[in-house]
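Asker: Below is the sequence, then the predicted model.
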Amino acid sequence: MKNITVIGGGAWGTALATAACRAKCSTKLYARETEIVDAINAGEGNPVFLPNVSLSKDIRATADLNDAVKDADALLIVVPAQFLRATAKALSDITPMHVPIVLAAKGIEQGTLALMSEIVEETMPQHSMAAISGPSFAAEVARGLPVALTLACTDDVLGQKLINALASPMFRIYQSDDLIGAEIGGAVKNVLAIACGVVEGRGLGNNARAALITRGLAELMRLGHVKGASTGTMMGLAGLGDLVLTCNAMQSRNFSFGHALGQGKSVAEILASRVAVTEGVTSSTSVKELADKHNVEMPISASVHAIIHENKDIDVAIAELMERPLRPETT
């Protein structure tokens, strides 16, 4: 398994392509934007999504999906969550059945409330599947700084093959068989990061942020459990690890989005100033609706949804969270 194709030329897709090159894989990167393809092939990096970051000169970029899939041993799909279904449908007609799909998108589809793996099961049912997730900022991975991730796959043999192909000294991967847990962690942490950003932007202090992370983890685990996820996964890199990273740094698009909200900027104003997708904005709706569907109490996530999509006053939302009935911490 040495021919790796990454579908998606955003920051994370570009970083994963560079990581695959470091693991001595022959690596292609598919991007829709011709300026990204031309810049990468000219050795100039990705000026749109990873400016000022040097990339491996061995990445070959292409805007031709058929060319991207040709000779691939595995496809890493790294498109925004709400575009996964269309991408998977396009790939299903041109990708040989033996080629596994590795999901690196984090989110829940709006409307259907499907996890990323559930979308692939519907659109590419003949393919084996895995998901890679964990605490990882794209720029740090692209620069070769140390990172540890989880690769979840129900097929142990395939999972080990993928890990052997992609791992390198600074890119450590742990194996799991819990796809659902890895995906729930990746989706919910983006919503919680917005909440933590709001707290930081409002100047509410480190105590409040620590409380949000801890109680947010409880929400993540409640939703994960009803979907069949294991506690170990949600307490590991793909759950707690990713949550801690995303809730504590302005490098996080979701945290910085919340920070801007907390400082009084409007949703439209913040989004208009950005090139990359802020997944937590759309995921906040999907997470709330999925929680409602399964009768799972997720007050922090629901508050984020209300602030973004229902124009709820931030101070009112915070006060309501603080005034909730007192209860045992285990619930």
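Answerer: Nice, I can see it.

Asker: C-alpha only now, for contacts and for neighbours.
Answerer: Will do.

Asker: For the residue at minimal distance from the centre of the chain, what is the enclosing helix or strand?
Answerer: In the chain, the C-alpha closest to the average C-alpha coordinate belongs to Lys106, at a distance of 3.0 Å (Cα atoms, centre = their mean). Lys106 belongs to no helix or strand when assigned by DSSP states H and E.

Asker: Could you do Ala20 as well?
Answerer: Secondary-structure assignment from DSSP H and E places Ala20 in helix 11-22.

Asker: any idea of the mean pLDDT for that helix?
Answerer: Mean pLDDT, helix 11-22: 97.

Asker: got the angle for the helix or strand following it vs helix 11-22?
Answerer: Remark: after helix 11-22, the chain's next helix or strand is strand 26-30, criterion DSSP H and E. Here strand 26-30 runs at an angle of 160 degrees relative to helix 11-22 (axes from the mean of the first three to the mean of the last three Cα atoms, to 10 degrees).

Asker: Within the sheet, what are the partner strands of strand 26-30, with directions?
Answerer: With DSSP bridges as the test, strand 26-30 is paired with strand 3-7 (parallel), strand 60-62 (parallel).

Asker: Show me what the helix or strand following it is packed up against.
Answerer: Using DSSP H and E, the helix or strand that directly follows strand 26-30 along the chain is helix 34-41. Counting contacts by 3 or more Cα pairs under 8 Å, 6 or more residues apart in numbering; DSSP states H and E, helix 34-41 packs against strand 60-62.

Asker: try it again with 6 Å
Answerer: Under the contact definition 3 or more Cα pairs under 6 Å, 6 or more residues apart in numbering; DSSP states H and E, helix 34-41 sits against no other helix or strand.

Asker: what's the average pLDDT for stretch 124-142?
Answerer: Averaged over stretch 124-142, pLDDT sits at 97.

Asker: Ala165: how many residues sit nearby?
Answerer: Ala165: 18 surrounding residues under other Cα atoms under 10 Å.

Asker: typo on my end, Lys2
Answerer: 19.

Asker: ditto for Thr27
Answerer: Using other Cα under 10 Å, Thr27 is surrounded by 25 other residues.

Asker: ok, and the closest non-adjacent residue to it?
Answerer: Ile4 (4.9 Å; Cα to Cα, 6 or more residues apart in numbering).

Asker: can you pull up the bridge partners for the one you found?
Answerer: Using DSSP bridges, the bridge partners assigned to Ile4 are Thr27, Ala74.

Asker: let's have the chain start at 33 instead
Answerer: From this message on, residue numbering opens at 33, which makes the last subject Ile36.

Asker: Tell me the predicted confidence for the nearest residue to Ala214 once chain neighbours are set aside.
Answerer: Once flanking residues are discounted, Ala214 sits nearest to Ala270: 5.2 Å by Cα to Cα, 6+ apart. pLDDT recorded at Ala270 is 97.

Asker: Hmm, Glu215 and Ala270 touching each other?
Answerer: No: look at Ala270 against Glu215 with Cα atoms under 6 Å: they stay out of range, at 7.9 Å.

Asker: hmm, who's touching the strand or helix carrying Gly233?
Answerer: Applying DSSP H and E as the criterion places Gly233 in helix 211-234. Contacts with helix 211-234, where a contact means Cα atoms under 6 Å, 6 or more residues apart in numbering, come from 138-139, 184, 241, 256, 261, 265-266, 270-271, 275, 278-279, 286-288, 290-291, 293-295, 312, 316.
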